[in-house]
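>>> Got a sequence here, can you model it:
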Amino acid sequence: MPKVAKELGALAVSKLKDPGMHPVGKVAGLYLQVVSPTSRSWILRVKVGDRRREIGLGPYPAVSLKDAHTKAQAERDKIRSGVDPILERREADSRLRASQTLEMTFADAAQKFMAAKSSEWANPKHGDQWRSTLETYAYPFIGRLYVRHIGREHVTEVLEPIWLTKNETASRLRGRIEAILNWCKVKGYRSGENPASWRGNLENLLSKPSKVQKVRNHPALPFSEMGNFMPQLRAIESNTARCMEFAILTAARSGEARGARWAEIDWDSRVWRVPAERMKAKKEHRVPLSDAAFRLLQAMPRTPDVVFPSPRGKVLSDMTLLMMVRRLGVDAVPHGFRSTFRDWAGERTNYPRELAEVALAHVKGDATEAAYWRGDVLEKRRRMMDDWAQFITQPYGGSTVIALQRQATV
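The predicted structure follows:
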């Protein structure tokens, strides 16, 4: 049993000014530590197990002598019950710090998720779409909530106002919220089931997207009008018009044509090799160039990189092509000309359906189509693209017998 010092009263304690440790009695090991006349604090010196501890009880006179007695006795009671007050404080501090690191709001989590995954996105536009939908529809409801508190009721509160009126946007938003919350679970910011998942969860509360969404095809120009459209397009002297013409001749997506680089053109084999990173399917696409497409490229000025640069030397924007088509008074979008090509191939030629699908760089389906992908059937595709280039130069009703009479087999 430690020796208890002579008990000092409040007045005597107030007069302790000399630097050092001054025992004050009543509770064994209780000291007033004097650093300077204006810096004094309470210390409990005690042995815990085989270790000696100095436990701080607070500053004097903010903590009075009476309160110091009470605190010191409480610490001794803990020790008798098998608790080390120092370890207890350290564990409490550790739990507090750990808890604070988990206090992640949905808005903060979304920012971190997008930063972590942005390298996987095909272009900056993808990231802009993520940020826009989250800021517009999700953040007002759950942006400030801690992700560990977000439940199904919060997700439905976000989705229900736009599920029927803007279902395509709402469906994408749901998937984005689900992805962010999955990331949060792996990172340890939340636990349990994902309240934004569809199967076995929101599918029981919301209408199926297929029952709500209206199928919207890209407006396309009928192939019967191509013979009148192409002269108007070719009369325009601009890189935008040449890019649109090249996209039509190659049945390429707008982004693939706009991003075409000179390094992708194989002049010897007359093939345009679109690298995988610029393709929707992430697979290199080889385009056999028709005579018309090859002549178009030969006539283009040799810029350092992009084949069809903007006035500033950058890649043309999709809106630039769209506005040009609209100025020509055509009810179509750049992407719609791929549908025009597909309709022509199916209705006006004997070329196999699969051959047209390969030309459009559509993802392979069954084993039959897979054979077309393995060999690429370049020369048969080249004949098809030559026939397409010839067809669109003539008013509808002109000579189209070349494509109809040629029986293409593989």
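>>> Can you name every helix or strand that the helix or strand where residue 86 lies contacts?
Following DSSP states H and E, one finds residue 86 within helix 85-101. Contacts defined by 3 or more Cβ pairs under 8 Å, 6 or more residues apart in numbering; DSSP states H and E place helix 85-101 against strand 51-60, helix 65-80. Where you see a C-beta, it was placed from the backbone N, CA and C, and this is true even at glycine.
>>> how close does residue 156 sit to residue 191?
Distance, residue 156 to residue 191, by Cβ to Cβ, to the nearest Å: 20 Å.
>>> the more surrounded of those two?
residue 156 (18 against 8; other Cβ atoms under 10 Å).
>>> All the helices of the stretch 101-250 of the chain, in order from the start?
Per DSSP state H, counting those that start in this stretch, the stretch 101-250 of the chain has helices spanning 106-117, 124-133, 139-142, 152-163, 167-187, 209-212, 226-234, 239-250. These are given in chain order.
>>> what angle do the last one and helix 226-234 make?
So that's helix 239-250. Using axes from the mean of the first three to the mean of the last three Cα atoms, to 10 degrees, the inter-axis angle of helix 239-250 relative to helix 226-234 is 150 degrees.
>>> hmm, back to that, now mean neighbour count and distance to residue 41 too, for the helices and strands packed on helix 85-101, in JSON lines please.
Formatted as JSON lines, the helices and strands packed on helix 85-101 follow (neighbours: other Cβ atoms under 10 Å; distance: least, Cβ to Cβ, whole Å):
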{"stretch": "strand 51-60", "mean neighbour count": "15", "distance to residue 41": "5"}
{"stretch": "helix 65-80", "mean neighbour count": "17", "distance to residue 41": "10"}
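>>> just so I know, which of these lies nearest residue 310?
Of all these, strand 51-60 sits nearest to residue 310, with 68.5 Å by Cβ to Cβ.
>>> Other residues contacting that closest one?
13, 30, 32, 40-47, 63, 67-68, 71-72, 75, 84-86 (Cβ atoms under 8 Å, 6 or more residues apart in numbering).
>>> Parallel or antiparallel, which strands does it pair with?
Applying DSSP bridges to the sheet, strand 51-60 is found paired with strand 39-48 (antiparallel).
>>> Pull out the buried positions in the strand it pairs with.
40-46, 48 (16 or more other Cβ atoms under 10 Å).
>>> from the chain's centre, how far out does that strand sit?
Here strand 39-48 shows a centroid-to-chain-centroid distance of 55 Å under the convention Cα atoms, centre = their mean, to the nearest Å.
>>> Check stretch 293-306 too.
Counting by Cα atoms, centre = their mean, stretch 293-306 comes out at 35 Å from the chain centroid.
>>> For it, measure first residue to last.
16 Å (Cα to Cα, to the nearest Å).
>>> hang on, the earlier thing: could the buried residues of strand 39-48 go into CSV alongside distance to residue 309 and pLDDT?
As requested, the buried residues of strand 39-48 are exported to CSV (distance: Cβ to Cβ, whole Å; pLDDT from 0 to 100):
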residue, distance to residue 309, pLDDT
40, 77, 93
41, 73, 94
42, 77, 94
43, 76, 93
44, 78, 92
45, 80, 91
46, 79, 90
48, 76, 86
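>>> Present the residues you listed as CSV; the columns should include distance to residue 268.
Converted to CSV, the buried residues of strand 39-48 look like this (distance: Cβ to Cβ, whole Å):
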residue, distance to residue 268
40, 91
41, 87
42, 90
43, 88
44, 89
45, 90
46, 89
48, 85
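>>> What is the most widely separated pair among these?
Maximum distance among the buried residues of strand 39-48 (Cβ to Cβ): 24.4 Å, for 40 and 48.
>>> how about low-confidence regions in the stretch 251-400 of the chain?
363-376, 396-400 (pLDDT under 70).
>>> Domains in this structure, by residue range?
10-101, 106-212, 223-405 (automatic domain parsing).
>>> returning to that earlier point: for residue 90, which of the helices of the stretch 101-250 of the chain is the nearest?
helix 167-187 (25.3 Å).
>>> Helix 124-133 and the closest one, what's the angle between them?
Using the same axes, to 10 degrees: helix 167-187 against helix 124-133 is 90 degrees.
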